[in-house]
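> Sequence and predicted structure below; questions after.
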Amino acid sequence: MENDIRVDLALVHYPVCNRNSEVIGSAVTNLDIHDIARAGRTFGVGTYYLVTPFADQQQLVNEIVDHWQTGHGSEYNKPRKEALSIVRVCSDLEELFTEVAGNRGARPIIVATSAARNAKTMEYVDARQKIFTGEPMLLLFGTGWGLAPEVTERIDAFLPPIVGGGDYNHLSVRSAASIILDRLLGDR
């Protein structure tokens, strides 16, 4: 499957919104680094980017990844080493978009998640078809309370929201990423 798809994903920590719709930068979490990398590697994602302009957060990501790539963790847990091999840090969206386009040889379709349907909603079946016909795709996931308007203006399409069976709807981004990767790239 990996050779047939050209999908990368990014977890955006800035610019995102807080609960008051103010633009903020959110903190990188160890669990998001590990769990999304593992899901990404499982489903054949090329690169998993963490987007943060904050030097201390970039250093944290690099130290965690380095531990599993070259430190004690590289011998202790080889599957974790393999999963974290797809992790890269970008300072901002421009760097992200430039790097992905350069690696893929073309501008990817930029697709994001959203809590609501809108005019730019692309059904999972349509996104999946684009992926499996070889179109490069960059999946953006937001942290905090979602991607800031300056990001969403640059999105080509939004995936339908994940809706559970009850009245509670507040998944962790790593859970949402796993569900979405399964819907887009899972063995069907």
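Perfect, I can see it now. Numbers count the residues shown, from 1 in each chain.
> Could you report the distance from the residue nearest to residue 152 when sequence neighbours are not counted to residue 93?
The spatially closest residue to residue 152, leaving aside those adjacent along the chain, is residue 112, at 6.8 Å (C-beta to C-beta, 6 or more residues apart in numbering). Quick note: C-beta positions are derived from backbone N, CA and C, even for glycine. Residue 112 sits 12 Å away from residue 93 when distances are taken as C-beta to C-beta, to the nearest Å.
> and the residue nearest to residue 152, what are its bridge partners?
Beta-bridge pairing of residue 112 under DSSP bridges involves residue 140, residue 158.
> Could you verify my assumption that it touches residue 137?
No - assessed by C-beta atoms under 8 Å, residue 112 is found out of contact with residue 137, at 11.0 Å.
> pLDDT score assigned to the residue lying closest to residue 17 once chain neighbours are set aside?
Counting by C-beta to C-beta, 6+ apart, the nearest residue to residue 17 once its immediate chain neighbours are dropped is residue 145, at 4.7 Å. Note on residue 145: pLDDT of 92.
> Go ahead and report the secondary structure state at residue 145.
coil (DSSP: H, G, I helix; E, B strand; the rest coil).
> what's the neighbour count on it?
Burial measure for residue 145: 16 neighbouring residues, criterion other C-beta atoms under 10 Å.
> let's have the chain start at 32 instead
All right, first residue 32 from here; so that's residue 176.
> For it, which residues are in contact?
47, 48, 49, 50, 52 (C-beta atoms under 8 Å, 6 or more residues apart in numbering).
> residues in contact with the first one?
The one in question is residue 47. Residue 47 touches 54, 55, 56, 57, 173, 174, 175, 176, 177, 178, 179, 182, counting by C-beta under 8 Å, 6+ apart.
> where does it fall, phi/psi-wise?
With angles defined as degrees, to the nearest 10, residue 47 sits at phi -130, psi 170.
> got it, and the second one?
As for residue 48, its main-chain torsions (degrees, to the nearest 10) stand at phi -110, psi 150.
> I'd like to know how far the residue nearest to residue 48 sits from residue 143.
Note on residue 176: its distance to residue 143, by C-beta to C-beta, is 14 Å.
> those helices in the protein, which residues are they?
Here the chain has its helices, by DSSP state H, at 61-73, 86-100, 103-107, 109-115, 124-135, 155-163, 180-183, 204-216.
> any idea how far stretch 203-218 is from the chain center?
Remark: stretch 203-218 is offset 10 Å from the chain centroid, using C-alpha atoms, centre = their mean, to the nearest Å.
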